[in-house]
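[1] turn this into a model:
(one chain, ligands or ions: 1)
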Amino acid sequence: MSKDKLIIALDVNSRAEAMSLLKELAGMSGFFKVGMELFYSEGAGIVREIAATGAGVFLDLKLHDIPNTVGRAARVLVRSGASIINVHAAGGGAMMRAAGEAAREEAGRLGLPAPAVVAVTVLTSIDRDSFNREMGYTGAIEDRVRSWALLARESGLDGVVCSPREIEMVRMACGPDFQIITPGIRPAGSDLNDQRRVMTPGGAIKAGASRIVVGRPITAAPDRRAAAAAILAELSASSCHCEE
Ligand code: C5P
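    I've put the predicted structure just below:
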């Protein structure tokens, strides 16, 4: 179902704005993303409130610290009722393992469904020049994404966040059950903003994304429902071939 594949990013910083977006976009998606801006403003209460409406919440806080700290933080985030939480793959295998184990244990202790724990690979705003020259990595972004995706899988995580341009490669490397969540989605002709490694919604689903994250192409559109509806139509048209 296309609505389950679309995660709308609530990149606002107040409860009032988030709830108004949720209301405006009712029925367009069953999944919303709460990022740093909204979480740092409103805390876990906003995650609970959105989850209580029946929507899934991708809590995008990109944890990156020593394994003990990340494990303990993951435990706390599970209590918010988020369906997906994430860490940076650059934190290493032990850190990713600690996050996954802590999330599963805490969910079990509380009798909650365990959230999916996914690893952010290389941010979709990073281009090759910045990756090599500023950040000092050698080789191609794709190779780094592949090795981090494999490390995430070996560390017991459920999937990765990567650029839509890397979906096919990650799918080949990590198999059909690995979750691939992709931001960096831009409908044809729309503004790139700060994103660099982008693809259209339909292109990402055809390539094998589990879910796509869309923010500004919907939230900054003059008619948000129309923008979301156009993306859903593109997703339906693109998934038909795969599911038949
Ligand atoms: O507005 P836009 O569609 O670019 O929003 C993309 C969302 O996905 C933002 O909330 C951003 O924080 C998030 N994100 C990303 N790249 C990642 C992980 C998350 O753009 N690698």
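[2] assign a three-state SS to Ser80, would you?
    coil (DSSP: H, G, I helix; E, B strand; the rest coil).
[3] wait, I meant Ala209
    From three-state DSSP, the assignment for Ala209 is coil.
[4] now for it, how many residues are close by?
    Counted with other CB atoms under 10 Å, the neighbours of Ala209 add up to 26. In this view, the C-beta of every residue, glycine as well, is placed from N, C-alpha and C.
[5] how about it, what does it touch?
    The contact partners of Ala209, by CB atoms under 8 Å, 6 or more residues apart in numbering, come to Lys5, Pro164, Ile167, Ile180, Ile181, Thr182.
[6] could you do Gly30 as well?
    Gly30 is in contact with Lys3, Asp4, Gly54, Ala55, Gly56, counting by CB under 8 Å, 6+ apart.
[7] can you check Ala230 too?
    By CB under 8 Å, 6+ apart, the contact set of Ala230 is Pro187.
[8] what's the answer for Lys33, then?
    With contacts defined as CB under 8 Å, 6+ apart, the neighbours of Lys33 are Ile7, Ile8, Ala9, Leu10, Asp11, Val57, Phe58, Leu59, Asp60, Val213, Gly215.
[9] okay, now the first one: neighbour count?
    Burial of Ile7 is recorded as 27 neighbouring residues (other CB under 10 Å).
[10] near the ligand, which of the contacts of Lys33 show up?
    Ala9, Asp11, Asp60, Val213, Gly215 (CB under 6 Å from any ligand atom).
[11] got any ranges where the chain has weak pLDDT?
    240-244 (pLDDT under 70).
[12] which parts of it sit against the ligand?
    So the chain meets the ligand at 9, 11, 35, 60, 120, 123-124, 161, 183-185, 193, 195, 213-217 (CB under 6 Å from any ligand atom).
[13] at 5 Å instead, please
    Ala9, Asp11, Gly35, Leu123, Thr124, Val161, Pro183, Gln195, Val213, Gly215, Arg216 (CB under 5 Å from any ligand atom).
[14] mind checking how far Met169 is from Leu232?
    Relative to Leu232, Met169 is positioned 26 Å away (CB to CB, to the nearest Å).
[15] and the residue of the protein nearest the ligand?
    Relative to the ligand, the nearest point of the chain is Gly215 (2.6 Å; CB to the nearest ligand atom).
[16] would you map the strands across the protein?
    Secondary structure of the chain (DSSP state E): strands at 6-9, 31-35, 56-63, 84-88, 116-120, 159-161, 179-182, 211-214.
[17] excluding sequence neighbours, find me the nearest residue to Pro113.
    Ala107 (6.5 Å; CB to CB, 6 or more residues apart in numbering).
[18] got a list of what the nearest residue to Thr124 once chain neighbours are set aside touches?
    Closest residue to Thr124 apart from its sequence neighbours, by CB to CB, 6+ apart: Gly184 at 3.3 Å. Contacts for Gly184 (CB under 8 Å, 6+ apart) come out as Thr124, Ser163, Pro164, Arg165, Gln195, Arg196, Arg197, Val198, Met199.
[19] would TSV of the residues you listed with distance to Ala89 be doable?
    Listed next are those as TSV, based on distance: CB to CB, whole Å:
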residue	distance to Ala89
Thr124	14
Ser163	13
Pro164	17
Arg165	17
Gln195	19
Arg196	18
Arg197	16
Val198	20
Met199	20
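[20] go through stretch 105-117 and flag the buried ones.
    Residues of stretch 105-117 classed as buried: Glu106, Ala107, Ala114, Pro115, Ala116, Val117 (neighbour count, 16 or more other CB atoms under 10 Å).
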